[in-house]
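>>> here is a sequence together with a model predicted from it:
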Amino acid sequence: MNFESVLRYYQCVNNLSRTLLARPAFDELHVTLPDPASPEPGFIRATSWLYCLYFEAGRVSLTLLRQLGYAYSLVDREASEMHVELVRCLRTELHHNLGFADSDQAARTAAEVWRRKACGTAIPRDDGQWRSCYERLVAEASDFLKGIDEVVRRIEADGDGAAMHVEEWLRRLERTRPAATFDRLIDNAKYRLGRDAMNTVVFRRRHLDRWRKQIELLEDGFDFEYEATRLIEKTLLDEDSLIVPITGRDIIESLNVKPGPEVGALLEAARKHFESTPCTKEELLLYLEREGLSKAVT
């Protein structure tokens, strides 16, 4: 099975959705396409591409279209759910350093069982075995996306009878932004709240699902950036508001204070100021210096 069949169904769904929604069903994918001439890297890249489509770029549309596919009897529920879950397990096993926690072991076992069925071994070691895995994965993905394509064509054929589905589809898409959309808002909130050192992507990954669920509850017509910023700032305050962005070493080095009780007094003053007025490290040190606290204790 050629990966071109996967791309063809992917493009057909996107093109058809433009005629129905005036926008594509899937966000743009930036993952390198697999090269079937190199079976092992091709398998890894195919897994990455499918994961990004199913769980990122196409997450919203595929969730709805799968549900409609079950209702229309155009998508096999068991095969669909098994395939999507398999892609998640393969991607987890290939790209994560798995331990032996229950969830890790379950993903590893699912991937190994599938590969054994695909090529006769859980651990492929030659091009022939990897090619068998690649071809089976692509065939399963092609069958899955063919069903999704048929669902969109059914919606198109039903015309006014599918208006409710089109409206719900568009509503879900308009409420959901790509994960990276949150990063700029997080960066701005970090600056305002003095948390510049925090890792934006790690923070976003930890809380994104909860933010999206809360946004789903809002009435149509809401201001996305305003509501997302409120959620981000609340999370920052709930989780990290008491972590002052300076240390005793910063006070010693920047304010020329000798080690001792004076440093503790300054840290306490910094904490009280930071709780009432979140700020950056530089602003907090400037506050201590401007208030003359360093001179008062030396």
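Noted; the coordinates are in hand.
>>> relative to residue 210, how far out is residue 231?
Separation of residue 231 from residue 210 (CB to CB, to the nearest Å): 8 Å. (C-beta placed from N, C-alpha, C; glycine too.)
>>> nope, residue 54 is what I meant
21 Å.
>>> who has more neighbours out of these two?
Higher neighbour count among residue 54 and residue 210: residue 54, with 22 against 11, using other CB atoms under 10 Å.
>>> who's in contact with the more buried one?
62, 84, 87, 88 (CB atoms under 8 Å, 6 or more residues apart in numbering).
>>> go with 6 Å
Residues near residue 54 by CB atoms under 6 Å, 6 or more residues apart in numbering: 84, 87.
>>> now stretch 68-78, how far from the centre of its chain.
Stretch 68-78 has its C-alpha centroid displaced from the chain centroid by 26 Å (CA atoms, centre = their mean, to the nearest Å).
>>> no wait, stretch 174-181
10 Å.
>>> strands of the stretch 151-298 of the chain, residue ranges please.
Assigned strands in the stretch 151-298 of the chain: none (criterion: DSSP state E, counting those that start in this stretch).
>>> what's the local residue count around residue 4?
Around residue 4 there are 12 other residues, counting by other CB under 10 Å.
>>> in the one helix or strand it maps to, what's buried?
Here residue 4 sits within helix 3-21, counting by DSSP states H and E. Neighbour counts over helix 3-21 (16 or more other CB atoms under 10 Å) mark 3, 5, 6, 9, 10, 12, 13, 14, 16, 17, 20, 21 as buried.
>>> hang on, isn't the third one packed against residue 143?
Pointing back at residue 6 there. No. Applying CB atoms under 6 Å, one finds residue 6 not in contact with residue 143, separated by 10.0 Å.
>>> overlap in contacts of these two?
By CB under 6 Å, 6+ apart, residue 6 and residue 143 have no common neighbours.
>>> for residue 112, which residues are in contact?
Counted by CB under 6 Å, 6+ apart, residue 112 has contacts residue 122.
>>> secondary structure class for it?
The local conformation at residue 112, judged by DSSP: H, G, I helix; E, B strand; the rest coil, is helix.
>>> can you give me the helices for the stretch 1-150 of the chain?
Assigned by DSSP state H, counting those that start in this stretch, the helices in the stretch 1-150 of the chain fall at 3-21, 39-52, 59-72, 77-95, 102-119, 127-158.
>>> worst average pLDDT in these?
The minimum mean pLDDT among the helices of the stretch 1-150 of the chain belongs to helix 102-119 (a mean of 89).
>>> run the chain-centre distance for that helix.
Relative to the chain's own centre, helix 102-119 is displaced by 23 Å; criterion: CA atoms, centre = their mean.
>>> return the alpha-carbon coordinates of that helix using CSV.
Extracted C-alpha coordinates of helix 102-119, given in CSV (Å, rounded to 0.1, in the frame of the first residue of the first chain):
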residue,chain,number,x,y,z
ASP,A,102,1.2,0.4,33.8
SER,A,103,0.4,2.9,31.0
ASP,A,104,3.9,2.6,29.5
GLN,A,105,3.8,-1.1,29.6
ALA,A,106,0.4,-1.2,28.0
ALA,A,107,1.6,1.0,25.1
ARG,A,108,4.7,-1.1,24.6
THR,A,109,2.8,-4.4,24.7
ALA,A,110,0.2,-3.1,22.2
ALA,A,111,3.0,-2.0,19.8
GLU,A,112,4.9,-5.3,20.1
VAL,A,113,1.7,-7.4,19.5
TRP,A,114,0.8,-5.4,16.4
ARG,A,115,4.3,-5.7,14.9
ARG,A,116,4.4,-9.4,15.6
LYS,A,117,1.2,-9.7,13.5
ALA,A,118,2.5,-7.4,10.8
CYS,A,119,6.0,-9.0,10.3
